[in-house]
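Student: coordinates only, sequence not included:
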């Protein structure tokens, strides 16, 4: 078969690998100048290793990703470490990644801390996520942990992740975060870019093609549809709808795949996403000087939700002895960070909005960084910085989400959709993107048998 895959993120690359291993002819179309999607890396002058544009690591429970790493002969480059995770609250950093750190946590009473430990263990041990999916995270967390613990620990993180949608989120989403999380975190020597490079190399060795800088804007750009027996979209749902708008059925009530009345577009349009903004700073000295790798910001007044000092996890010698600091958050797609109003003298005719500049975002965030580390001196410490953003970073997961997820086979014959909005009950992540790539390849193979 000749198969087109739209998008060279992990899902598209893994699907292409599996399909080319079965001797199918595969062409991947990728709009960016690099493969890898949200996992793609970049490399500054003097660095030995590339760095992910958006922070990545694996948990010990991420078996699908670990198996792929082994299959690609990267096992010797994969390792686990136990970096420090903390919470920032009331201008203080407190470690929060073990039973001991929970017992020492100063903002809850001993009774509340014991209850929190039992509640977390109960979530870790249960597999009954279908029942948890029926209730909202806010209600479930208050019932399980108590009102105060919810207010101190979980509400700030839910709001930081989902903004105004936080009260709609399913308890099953929260359960998945607890269920799969481990204190040991996995990484690859050379960063995850070596996994992307290895996938691309194997695909090409198998006869597949990866066309970079090749954005598909509408269905007509896949000229001569008869060239392809199957087309797999690994793009966000919104992108799929834009590309295929002229071919989407208006009424699929008799369709066996999606047996509901109404248009397919209406069905898919209910799935919403949060975007993300991520500053990556190269510093002359450590920022989280007490050794924290991942710092959750449990303060609703802050414009970001996480500060991640990558070099408290991975040795800075790989980055020219620079401290690497991620500062990021999640925002609605209409947020001013994504569509900041341009000054009149910058506004070309016919274009009303620009993305907010990295200099303006850094300027806005610096006072908050200085509250976390009062000794932080911007002028002396920052070597350089980059801004990365995506409008499609986090699916919004309401109650009964699994019951509404569309099938991978769309109502259009031989057109498939596979993206992070179809992952359930787990949250989006590299492990599940890889699993979906394998799943879609198997689906196509089995349909042909």
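Tutor: Received the coordinates, thanks. Keep in mind the model is a prediction, meaning the values are calculated, not measured.

Student: buried residues in the longest helix along the chain?
Tutor: Secondary structure of the chain per DSSP state H: the longest helix is helix 430-448. By 16 or more other Cβ atoms under 10 Å, the buried positions in helix 430-448 come out as 430-441, 443-444. Backbone N, C-alpha and C define where each C-beta goes, glycine included.

Student: Check which helices and strands it sits against.
Tutor: Packing partners of helix 430-448 (3 or more Cβ pairs under 8 Å, 6 or more residues apart in numbering; DSSP states H and E): helix 10-21, strand 58-59, helix 63-71, strand 230-233, strand 415-417.

Student: Residue 206 is nearest to which of the ones you listed?
Tutor: Set against residue 206 and scored by Cβ to Cβ, the helices and strands packed on helix 430-448 come closest in helix 10-21, at 3.4 Å.

Student: between that closest one and helix 430-448, how big is the angle?
Tutor: Orientation check (axes from the mean of the first three to the mean of the last three Cα atoms, to 10 degrees): helix 10-21 against helix 430-448 gives 40 degrees.

Student: Helix 10-21 versus helix 63-71: what angle between them?
Tutor: Going by the same axes, to 10 degrees, helix 10-21 makes 50 degrees with helix 63-71.

Student: any idea which helix or strand comes after helix 10-21?
Tutor: strand 25-29 (DSSP states H and E).

Student: Each with direction, which strands does that next one pair with?
Tutor: strand 2-6 (parallel), strand 209-211 (parallel) (DSSP bridges).

Student: which of those strands is buried the deepest?
Tutor: Of all those, strand 2-6 has the most neighbours on average by mean count of other Cβ atoms under 10 Å, namely a mean of 22.

Student: average model confidence for that one?
Tutor: Averaged over strand 2-6, pLDDT sits at 95.

Student: repeat for stretch 423-439
Tutor: Mean predicted confidence for stretch 423-439 is 93.

Student: picking that back up, need the helices and strands packed on helix 430-448 in a markdown table with distance to residue 382, mean neighbour count and mean pLDDT, can you?
Tutor: A markdown table is the format used below for those (distance: least, Cβ to Cβ, whole Å; neighbours: other Cβ atoms under 10 Å; pLDDT from 0 to 100):
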| stretch | distance to residue 382 | mean neighbour count | mean pLDDT |
| --- | --- | --- | --- |
| helix 10-21 | 31 | 26 | 97 |
| strand 58-59 | 29 | 20 | 96 |
| helix 63-71 | 33 | 18 | 97 |
| strand 230-233 | 39 | 25 | 95 |
| strand 415-417 | 41 | 23 | 95 |
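
Student: so which of the ones you listed comes closest to residue 272?
Tutor: Closest approach to residue 272 among the helices and strands packed on helix 430-448 (Cβ to Cβ): strand 415-417, 15.9 Å.

Student: Could you give the separation of the closest one from the chain centroid?
Tutor: Counting by Cα atoms, centre = their mean, to the nearest Å, strand 415-417 is centred 21 Å from the centre of its parent chain.

Student: Would you mind pulling up the elements that it packs against?
Tutor: Secondary elements touching strand 415-417 (3+ Cβ pairs under 8 Å, 6+ apart): strand 230-233, helix 430-448.

Student: Let's see that with 7 Å instead.
Tutor: strand 230-233 (3 or more Cβ pairs under 7 Å, 6 or more residues apart in numbering; DSSP states H and E).

Student: Sheet-wise, list the partners of the strand it packs on with their directions.
Tutor: Strand 230-233 has these strand partners (DSSP bridges): strand 2-6 (parallel), strand 415-417 (parallel).

Student: any weak-confidence spans in the stretch 251-400 of the chain?
Tutor: 251-262, 340-354 (pLDDT under 70).

Student: what about the helices in it?
Tutor: 264-269, 358-372, 378-381 (DSSP state H, counting those that start in this stretch).

Student: which residues are in contact with the second one?
Tutor: Where contact means Cβ atoms under 7 Å, 6 or more residues apart in numbering, the residues beyond helix 358-372 that reach it are 88, 91, 277, 279, 302-304, 307, 327, 337, 376, 378, 385, 387.

Student: Who are the contact partners of residue 384?
Tutor: Residues in contact with residue 384 (Cβ under 7 Å, 6+ apart) are residue 282.

Student: whoops, I mixed them up, residue 169
Tutor: 136-137, 158, 162, 397-398.

Student: how much space between it and residue 395?
Tutor: In this view, residue 169 and residue 395 are 10 Å apart by Cβ to Cβ, to the nearest Å.

Student: Same check on residue 101?
Tutor: Counting by Cβ to Cβ, the gap from residue 101 to residue 395 is 30 Å.

Student: nearest spatial neighbour of residue 247, skipping sequence neighbours?
Tutor: residue 219 (5.3 Å; Cβ to Cβ, 6 or more residues apart in numbering).

Student: what does residue 388 give?
Tutor: residue 53 (4.2 Å).

Student: Wait, the one you found touches residue 37, no?
Tutor: No - taking contacts as Cβ atoms under 7 Å, residue 53 lies outside contact range of residue 37: 9.5 Å.

Student: Between the two, tell me which one has more neighbours.
Tutor: More neighbours surround residue 37 than the other of residue 53 and residue 37, with 25 against 22 (other Cβ atoms under 10 Å).

Student: Buried residues of the longest strand anywhere in the chain, list them for me.
Tutor: Counting by DSSP state E, the longest strand found in the chain is strand 382-395. When burial is assessed from 16+ other Cβ under 10 Å, strand 382-395 yields the following buried residues: 382, 385, 387-395.

Student: Look up the closest residue to residue 265, ignoring the ones flanking it.
Tutor: Per Cβ to Cβ, 6+ apart, closest to residue 265 is residue 248, 5.1 Å.

Student: Let me know how buried that neighbour is, in neighbour terms.
Tutor: 20.

Student: Outside of stretch 390-407 itself, list whatever touches it.
Tutor: With contacts defined as Cβ under 7 Å, 6+ apart, stretch 390-407 is touched by 38, 133-136, 161-162, 165, 168-170, 173, 236, 257-258, 267-268, 271-276, 330, 333, 338, 417, 420-422, 424-425, 428.

Student: Any idea how far that stretch is from the middle of the chain?
Tutor: On the basis of Cα atoms, centre = their mean, stretch 390-407 sits 13 Å off its chain's mean C-alpha point.

Student: mind checking the end-to-end distance for it?
Tutor: 25 Å (Cα to Cα, to the nearest Å).

Student: before we move on, the earlier item: for the helices of the stretch 251-400 of the chain, which one sits closest to residue 115?
Tutor: Short answer: helix 358-372, nearest of the helices of the stretch 251-400 of the chain by Cβ to Cβ, at 28.9 Å.

Student: That'll do, ta.
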